[in-house]
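*Asks:* what follows is a protein structure lacking sequence information:
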């Protein structure tokens, strides 16, 4: 691929992408959503080349599945070496070294000065399902407290925990009845109409009120929370929020589950985003970048909690497959090596988009940690009316000019930045130039 990118040789989507899209429309359900109209031919690092010869800078990384970049050489080497040994050996039949080595590594890295055990599965939704299964089995309680703006997956229990009805839950009921929802600390759009810090963390005290009035904490097995909600809009809560949840859990004998599926693996400059808040959960879920591009996920839990489940109660045929395990072992090492880089580039990214906020009224809020950042677009900064159509136009302009970037947020007005942790400063700035130019074009209309 050419060194100079982006390189747009034909306005996307090109003729080959158009033909493939017709095939997709004929044979793939319309429910399988896609952000861009292009089809990929090859990728490497922070670059994507489509079937029409266009080359793009990638600020989406497969929704944060490629923190170490596309086809990272070290991960690819580990995969090739494993392919020469064996592919599938169901861990329930004949176990294998990469599974236990990865479990050991994750147990060592995860926060908490207690023994940990890990079950390896295939996807983020599976990791969440297993976390809840373990919590219910250990505590003997049914209810799970989840939060507004949460996304935890698309399987029945996972989508019950997910907040947004459209498109994730609509028409798929009945859902799990033992899920109780409560407000998240979304300070830009406070559920109580208050301002931080004079709010005195009303969202935390609201949970205490709920326990006093209409939900017995004696029925609650766990709270599940994203330290930084991903699909919900990259909301960075005040430190007191997660500390407050930890305190409530401790007071009431409730387990705390941290969903690190999008925020983990070094994305925020720490291996786990929860580390920024000095909070230790009993259970952590991981997926996405854990496999460096291959499907693998993990549920990490306190040893006694994980061991409360009967033999045969956890697992799956392809869970912790050998290729995924060896890829994950290298991906975890790379994530550790890239923590400082993610922190440094994250500061540059935040500085640039804050500068844009000063220049463009459409940017109502800027937030993020490390290379997990977002802008929230509004039509009016006082009313905070979501700029939904404008977001769509900005994303389209970015895609046309060679930047792959995507939205987020329940109000349809957030744009998220998820470049590889090892992207060069030059490419990061080039991508941000394209983004700023898109804002200029749309706001000038």
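*Replies:* Here it is on my side, so go on. Computed from a prediction, not measured in an experiment: that's the story for all the values here.

*Asks:* if I pick residue 279, what's in contact with it?
*Replies:* When contacts are counted by Cβ atoms under 8 Å, 6 or more residues apart in numbering, residue 279 touches 227, 242, 243, 245, 246, 256, 258. Heads up, the C-betas are built off the backbone N, CA and C, glycines and all.

*Asks:* also residue 76?
*Replies:* Applying Cβ under 8 Å, 6+ apart, we find residue 76 in contact with no residue.

*Asks:* do residue 95 as well
*Replies:* Applying Cβ under 8 Å, 6+ apart, the residues contacting residue 95 are residue 89.

*Asks:* distance check, it against residue 300.
*Replies:* The spacing between residue 95 and residue 300, counted by Cβ to Cβ, to the nearest Å, is 19 Å.

*Asks:* picking up where we left off before, distance to residue 373 added to the contacts of residue 279, as CSV?
*Replies:* CSV is the format used below for these (distance: Cβ to Cβ, whole Å):
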residue, distance to residue 373
227, 15
242, 19
243, 23
245, 23
246, 25
256, 25
258, 20
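
*Asks:* from these, which ones fall inside helices?
*Replies:* The helices, defined by DSSP state H, take in 242, 243, 245, 246 from the contacts of residue 279.

*Asks:* which of those residues sits closest to residue 286?
*Replies:* Distances from residue 286 to the ones in helices among the contacts of residue 279, taken as Cβ to Cβ, are shortest for residue 242 (17.8 Å).

*Asks:* you'd agree the closest one is up against residue 225?
*Replies:* Yes: under the contact definition of Cβ atoms under 8 Å, residue 242 touches residue 225, with a separation of 7.2 Å.

*Asks:* quickly list the domain ranges of this structure.
*Replies:* With domains defined by automatic domain parsing, the chain comprises 1-58, 75-337, 339-445.

*Asks:* and the strands in the stretch 101-250 of the chain, which stretches?
*Replies:* The residue ranges that make up the strands of the stretch 101-250 of the chain, judged by DSSP state E, counting those that start in this stretch, are 116-121, 143-147, 179-182, 220-225.

*Asks:* okay, now the closest residue to residue 293 other than its chain neighbours: neighbour count?
*Replies:* Nearest residue to residue 293 in three dimensions, chain neighbours excluded: residue 66, at 5.7 Å (Cβ to Cβ, 6 or more residues apart in numbering). Around residue 66 there are 27 other residues, counting by other Cβ atoms under 10 Å.

*Asks:* check the gap between residue 66 and residue 208 for me.
*Replies:* Taking Cβ to Cβ as the measure, residue 66 and residue 208 are separated by 41 Å.

*Asks:* low-confidence stretches in the stretch 301-445 of the chain?
*Replies:* Within the stretch 301-445 of the chain, no stretch has pLDDT under 70.

*Asks:* strands of that one, residue ranges please.
*Replies:* Counting by DSSP E, counting those that start in this stretch, the stretch 301-445 of the chain has these strands, from start to end: 363-369, 372-377, 403-404, 406-408, 414-417.

*Asks:* and stretch 132-141, how far from the chain's centre?
*Replies:* Taking the mean of its C-alpha atoms, stretch 132-141 sits 24 Å from the chain's own mean (Cα atoms, centre = their mean, to the nearest Å).

*Asks:* and the contacts of it?
*Replies:* Taking contacts as Cβ under 8 Å, 6+ apart, the residues outside stretch 132-141 that touch it are 142, 144, 157, 161, 218-222, 224, 253-255, 257, 283, 299, 301, 304-306, 308-310, 313-314.

*Asks:* from those residues, which would you call buried?
*Replies:* The neighbour-count test (16 or more other Cβ atoms under 10 Å) applied to these identifies 144, 157, 161, 220-222, 224, 254-255, 257, 283, 299, 301, 305-306, 308-309, 314 as buried.

*Asks:* any chance of the contacts of residue 279 in TSV, plus neighbour count, pLDDT and distance to residue 100?
*Replies:* As requested, the contacts of residue 279 are arranged in TSV below (neighbours: other Cβ atoms under 10 Å; pLDDT from 0 to 100; distance: Cβ to Cβ, whole Å):
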residue	neighbour count	pLDDT	distance to residue 100
227	26	98	28
242	23	98	31
243	16	98	34
245	26	98	32
246	20	98	30
256	23	99	26
258	31	98	23
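
*Asks:* count the residues that sit near residue 429.
*Replies:* For residue 429, the number of neighbouring residues by other Cβ under 10 Å comes to 14.

*Asks:* what residues are up against it?
*Replies:* For residue 429, the contacting residues are 348, 352, taking Cβ under 8 Å, 6+ apart as the criterion.

*Asks:* use 46 as the first number for this chain going forward.
*Replies:* I'll keep to 46 as the first residue from here, and by that count the last item is residue 474.

*Asks:* so how far is residue 104 from it?
*Replies:* Noted for residue 474: a distance of 12 Å to residue 104, by Cβ to Cβ.

*Asks:* let's check: the centremost residue of the chain is which one?
*Replies:* residue 307 (2.0 Å; Cα atoms, centre = their mean).

*Asks:* pretty sure that one sits against residue 109.
*Replies:* Yes: contact status for residue 307 versus residue 109: in contact at 5.0 Å, counting by Cβ under 8 Å.

*Asks:* joint contacts of those two?
*Replies:* Between them, residue 307 and residue 109 share the neighbouring residues 275, 333, 417, with contact defined by Cβ under 8 Å, 6+ apart.

*Asks:* by neighbour count, which of the residues you listed wins?
*Replies:* Across those, neighbour numbers were computed from other Cβ under 10 Å; residue 333 holds the maximum, 28 neighbours.

*Asks:* that one contacts residue 306, correct?
*Replies:* Yes: if you go by Cβ under 8 Å, residue 333 and residue 306 touch, sitting 5.5 Å apart.

*Asks:* got any residues that touch both of these two?
*Replies:* By Cβ under 8 Å, 6+ apart, residue 333 and residue 306 have these common neighbours: residue 169.

*Asks:* how about the helices of the protein, start to end?
*Replies:* In chain order, the chain shows helices spanning 60-72, 106-109, 118-128, 142-154, 169-184, 201-206, 247-258, 284-297, 348-351, 367-382, 384-404, 433-445, 470-488, with DSSP H as the criterion.
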